[in-house]
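Enquirer: here are the coordinates; sequence isn't available:
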């Protein structure tokens, strides 16, 4: 007698019904009695000071309750500190909080907030707020700020050093038979989730409830508490449904605190929702980047040296850059490496996490250069990568906790038909289309939380169970895997387990960022459900009335909600039998998983291989992706349906990065020129090619109890390079700038 494995099943999402029927309620849809609306007014200049704000016309609009500026808004209790949300602490997106003085550092920075009884009246009044400025010269682009660049001590919220070195790069380049140096430029990108960032704030005496669009309810709670100067225990954050994020809701921006301040000022619940245009200046972005990569290699293709320099703008008040150098340092065996970040202070908000932050950009740089090296040496691109395969972590020399990259190459090549390609560029046509294929490697680090992760499991006398954590599900399917993991540990069917999540009143887990959500939440749930199972088994073997009395707990198995002797399955009883006999309505257990130390003695990363086929129309400059194939080794797969969905989404995102996505800065005004979905180009269904995503399970006993490494971001990594390499194979021309546009193709063909 046994319940089939619940982990790994392709289970439908537990939140699917609520979402497709419209019963799901998002943060801006919460309507406590008396709710009013706040709308932000953004600065129209990129640098300067506010000299006057005329609120008279706005205040004259019917229904307007307040217009708050730096003159009326309370001062915050402390300056925000930018700390990554995996730390389990506050996680402010930037150290600037708006409307504390008259200073303007970037276009779109909030300078006023209108509160009215309806959203429409608030939006209308916001347009009537008159702001005058003393304008100063602004720096917003790499070309403007290049001469002001410096090497920061640390970046990425202080967790990544500004310089990384091993060996002797100069000596490695002297030893090389081939030396290549290439410069790459990547446009700025912006997150565009379906749901814009929003918060609804409700005060009840001194207690605050926030309905926030966040990847980490606890991070919101701690961040807002710091800024308001009140105990975190006086704040409850609810985030049950989140309409996508991709990193824009990983850090905590100003809007939840501003909503709370407005609610306190007007003494009514307040909803503050960013407009689509405000998402381009309100929740971070991926910064414009310039990369210079120098590599040295022997005639057989083995790398002797890598030097990577990255230049990018940061804000006037924080030192942030994507850690694009990390994948270049870690992906291949190379004895000599130097990576240096250079940033310059610009009139922009602080950049932030955006799906595959660092790996998406760094892999494009490295994997494009390696493809060039392969062609120069006459070596197959996969073979070149195998010759440089890193059997241990190049950064530390530690063994990998698990890898599987060789298997990904092999399986991916088989699925894609790589062995059938003619490597000669421009060798294949389909009518007027030039057809090419390319490949690239994928890597994404396994991040682990820095604090204990907790969950609560409960079994009821009616035979059903509930699992609870504070984690939010922003579209990844966390709630579904919670049910599967709990069912596996309790010996029940997944359908018999209900899930509660997205609320700081539940046991705490950190923000689900950096592809760490599945590992952190599943570990806490597994620990809690296992503890509950052991409690109930222990109670049964000690119960004189139980058929299991006196049995060795280690010899008791569970399946279909029933405890039984492994050697005599007919001897046993259900959880319900035990609870009812003791007149117990339910039983529960709190589980706590202590993540491994940051220095585990192992390299921890998820690997994969990406393959792409493109068609290029040389007359029109069009690039059409025909096929994408990806094979990944993410450790243990919790749900094959949601995992495949995540990987496919990442691969299509990589296509957007390669061919479409770019936010352009208007350098004279210092403002984004295409800050809307009408002009920020994204792939749509008509652009989507056939996508094949496959997973190879590899055992990992280091990362967490279930060996889950995460797949939310690795699906994007390497796609842009695979597409760019395929475009070269099709046309014979290299493209080092992203996105690869119609104009850039026409310029070279």
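Expert: Cool, the structure landed. If you're wondering where the values come from, they're calculated on a predicted model, not measured in any experiment. Residues are numbered from 1 along each chain as shown.
Enquirer: right, and the helix or strand after the helix or strand hosting residue 483?
Expert: According to DSSP states H and E, residue 483 maps onto helix 478-490. Downstream of helix 478-490, the first helix or strand assigned by DSSP H and E is strand 497-500.
Enquirer: follow the chain on from that next one and name the next helix or strand.
Expert: helix 517-541.
Enquirer: tell me the buried residues in that next one?
Expert: 517-533, 536-537, 539-541 (16 or more other C-beta atoms under 10 Å). Heads up, the C-betas are built off the backbone N, CA and C, glycines and all.
Enquirer: for stretch 111-130, same thing?
Expert: If you call a residue buried by 16+ other C-beta under 10 Å, then stretch 111-130 has these buried ones: 111-117, 121-122, 124-126, 128-129.
Enquirer: with stretch 740-749 instead?
Expert: 740, 741, 744, 745.
Enquirer: what lies in contact with that stretch?
Expert: 616, 618, 620-623, 658-659, 662, 723-724, 727, 731, 733, 735, 737 (C-beta atoms under 8 Å, 6 or more residues apart in numbering).
Enquirer: which of those residues fall in strands?
Expert: 616, 622, 623, 737 (DSSP state E).
Enquirer: bridging residues for the third one?
Expert: In other words, residue 623. Following DSSP bridges, residue 623 is listed with bridge partners residue 616.
Enquirer: for the helix holding residue 483, packing partners?
Expert: Counting contacts by 3 or more C-beta pairs under 8 Å, 6 or more residues apart in numbering; DSSP states H and E, helix 478-490 packs against strand 453-460, strand 465-468, strand 497-500, helix 517-541.
Enquirer: state the mean pLDDT of the helix or strand hosting residue 256.
Expert: Here residue 256, judged by DSSP H and E, is contained in helix 255-266. Average pLDDT, helix 255-266: 98.
Enquirer: which helices and strands does that helix pack with?
Expert: Applying 3+ C-beta pairs under 8 Å, 6+ apart, we find helix 255-266 packed against strand 36-42, strand 64-68, strand 110-116, strand 198-204, strand 207-212, helix 217-228, strand 270-273.
Enquirer: tell me how many other residues surround residue 682.
Expert: Here the number of neighbours of residue 682 (other C-beta atoms under 10 Å) works out to 12.
Enquirer: quick one: it and residue 663, what's the gap?
Expert: For residue 682, the distance to residue 663 (C-beta to C-beta, to the nearest Å) stands at 12 Å.
Enquirer: how about the nearest residue to residue 206 once chain neighbours are set aside, what does it touch?
Expert: Spatially, and ignoring its direct neighbours in sequence, residue 206 is nearest to residue 234 (5.8 Å; C-beta to C-beta, 6 or more residues apart in numbering). Shown in contact with residue 234 (C-beta under 8 Å, 6+ apart): 206, 207, 208, 225.
Enquirer: any idea which of these is closest to residue 92?
Expert: Of all the contacts of residue 234, residue 92 sits closest to residue 225, with 11.8 Å by C-beta to C-beta.
Enquirer: OK, contacts around the closest one?
Expert: The contact partners of residue 225, taken as C-beta under 8 Å, 6+ apart, are 90, 231, 232, 234, 235.
Enquirer: let me know the closest of these to residue 407.
Expert: When the contacts of residue 225 are compared against residue 407 (criterion: C-beta to C-beta), the nearest one is residue 90, at 41.0 Å.
Enquirer: what about that closest one, how many neighbours?
Expert: Residue 90 has 24 neighbours, counted by other C-beta under 10 Å.
Enquirer: and it, that one's in a strand?
Expert: No. Read with DSSP: H, G, I helix; E, B strand; the rest coil, residue 90 is coil and lies in no strand.
Enquirer: gap between it and residue 215?
Expert: 14 Å.
Enquirer: how near is residue 600 to residue 451?
Expert: 16 Å.
Enquirer: actually residue 692, not the one I wrote
Expert: Distance, residue 692 to residue 451, by C-beta to C-beta: 38 Å.
Enquirer: before we move on, what about residue 22?
Expert: For residue 22, the distance to residue 451 equals 36 Å [C-beta to C-beta].
Enquirer: check residue 599 too.
Expert: 16 Å.
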